[in-house]
Structure formats: structure tokens, C-alpha cells
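> have a look; sequence and predicted model below, questions after that.
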Amino acid sequence: MTLIYITCKDEEEAVKISKHLLDKRLIACSNMYPIRSMYRWQGKLQDEKEFVIMTKTKEKNYGKIKEEVKKIHSYDTPCILKIDAEANEIYDKWVNEEIK
């Protein structure tokens, strides 16, 4: 099982990206939640409200997910992180059935 962590400018963008990945059957599930992010961008400290997408997929889909997200994401430098995870057998089976 692989989790993909993606930050977005707002809930609307998080929903758009989630629906896109679900429609392409690259992910089985998407959880979205608001976060507060602090980071340095172009020499200035930023303190922003964002939304995070946490998706469930398989590692084999990571490259395609990166490509698809970059096509529609509003950020010049989107955060797309792959996190290896282990799931219970029933959930893992469901994920496999839902993705390509």
C-alpha cells in the first residue's frame, strides 16, 4: 500500500484533484483536511491555510499520479509525497480492486 500526500491551495482544488485521480482509477480513496503550513518561499516566510489530500493506492501508480497532479495543480512546485504503508488484508484487497 502507498499513501500519497498532496498539499493544495484550498478545498476546491483538493476535491478537483481527488475526483480526477478517482475517475482515472489511480487511487482507491482520498481523505482531505485543512492544515496550516509554514515554509519559506522566494526568500519570505509564508504562513498559509491549505488543504491536504491523503490518497490510498499502490506504488506502481505513483509515477502516473505525479504526472496527473502536475497537469492540473495550481502550484508551480506542488508537494506530492509517497509514503509506504502496510494495511490490513481486507482493506488492501479493496484498494487493489478499486485501482487499475
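The structure has been received and is ready for your questions. Computed from a predicted model, the values in this text were never measured in an experiment.

> state the distance from Lys56 to Val69.
Note on Lys56: its distance to Val69, by C-beta to C-beta, to the nearest Å, is 15 Å. Using the backbone N, CA and C atoms, a C-beta is placed for each residue, glycine as well.

> and for Ile35?
17 Å.

> which one of the two has more residues nearby?
More crowded of Ile35 and Val69, by other C-beta atoms under 10 Å: Val69, with 22 against 11.

> hmm, that one is touching Ile17, no?
Yes: under the criterion of C-beta atoms under 8 Å, Val69 is in contact with Ile17, at a separation of 6.0 Å.

> surely Asp92 and Lys56 touch.
No: shown here, Asp92 and Lys56 do not form a contact pair, counting by C-beta under 8 Å, at 9.3 Å.

> overlap of the contact sets of those two?
Counting by C-beta atoms under 8 Å, 6 or more residues apart in numbering, the contacts common to Asp92 and Lys56 are Met1.

> neighbour count for those two, which is higher?
Taking other C-beta under 10 Å, Asp92 and Lys56 do not tie; Lys56 has more neighbours (21 against 16).

> what about the more buried one, is that helix, strand or coil?
strand (DSSP: H, G, I helix; E, B strand; the rest coil).

> which non-adjacent residue is nearest it?
Closest residue to Lys56 in three dimensions, ignoring its sequence neighbours and counting by C-beta to C-beta, 6 or more residues apart in numbering: Cys29, at 4.6 Å.

> can you pull the pLDDT of that neighbour?
Cys29 carries a pLDDT value of 97.

> over to Lys100?
75.

> can you tell me how far it sits from Glu59?
Distance from Lys100 to Glu59, by C-beta to C-beta: 13 Å.

> same check on Asn88?
Distance of Asn88 to Glu59, given as C-beta to C-beta: 18 Å.

> still on that earlier bit, how about the residue nearest to Lys56, what does it touch?
Cys29 neighbours (C-beta under 8 Å, 6+ apart): Thr55, Lys56, Val95, Glu98.

> fine by me, we can end here.
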